[in-house]
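Asker: return atomic coordinates for the entry below.
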Amino acid sequence: QDQLVESGGGLVQTGGSLRLSCSASGRAFGASAMGWFRQAPGKEREFVAALSWRGGTLTYADSVKGRFTISRDNAKNTVYLQMNSLKPEDTAVYYCAARTTVLPSSRKADYDYWGQGTQVTVSS
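Answerer: Residues are numbered from 1 along each chain as shown. Below is the predicted model of the structure:
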């Protein structure tokens, strides 16, 4: 079964940290670039971060550079998003995504599999 399952969301104060995890199964992870996107209420889903199959190529949205770190453990079929120095504007549902090629992309349309999302709320 091809699926992605996110976890690790929650409520945190401004300046705090959270670590999101995305566990993948089936074709959703094999030789796949992985990405994180987010969607705030009333807004479109936007790119956050992505990395290549072997983790050597990473890309971040300007809004999270220096605060968020994407990583993966291929032995565990898991990708992570470490989020530090969180701001209220980071509040959103965070989605994990996989594309069946090795190179990452910031475009939603390039991804083949999506998780159900996990809520991150940053209080001021």
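Asker: so where is the chain shaky, pLDDT-wise?
Answerer: Applying pLDDT under 70 to the chain flags the ranges 28.
Asker: most centrally placed residue in this protein?
Answerer: In the chain, the centroid-proximal residue (CA atoms, centre = their mean) is residue 36; its distance is 2.3 Å.
Asker: which residues touch that one?
Answerer: Residue 36 makes contacts with 20, 22, 48-50, 70, 79, 81, 94-97, as judged by CB atoms under 8 Å, 6 or more residues apart in numbering. The C-beta positions use only the backbone N, C-alpha and C, and glycine is treated the same way.
Asker: go on, residue 90?
Answerer: Applying CB under 8 Å, 6+ apart to residue 90 gives the contacts 38, 64, 83, 120, 122.
Asker: thinking again about what came up before, distance check, the residue nearest to the centre of the chain against residue 80.
Answerer: Between residue 36 and residue 80 the distance is 9 Å, computed by CB to CB, to the nearest Å.
Asker: joint contacts of these two?
Answerer: Shared contacts of residue 36 and residue 80 (CB under 8 Å, 6+ apart): 20, 22, 70.
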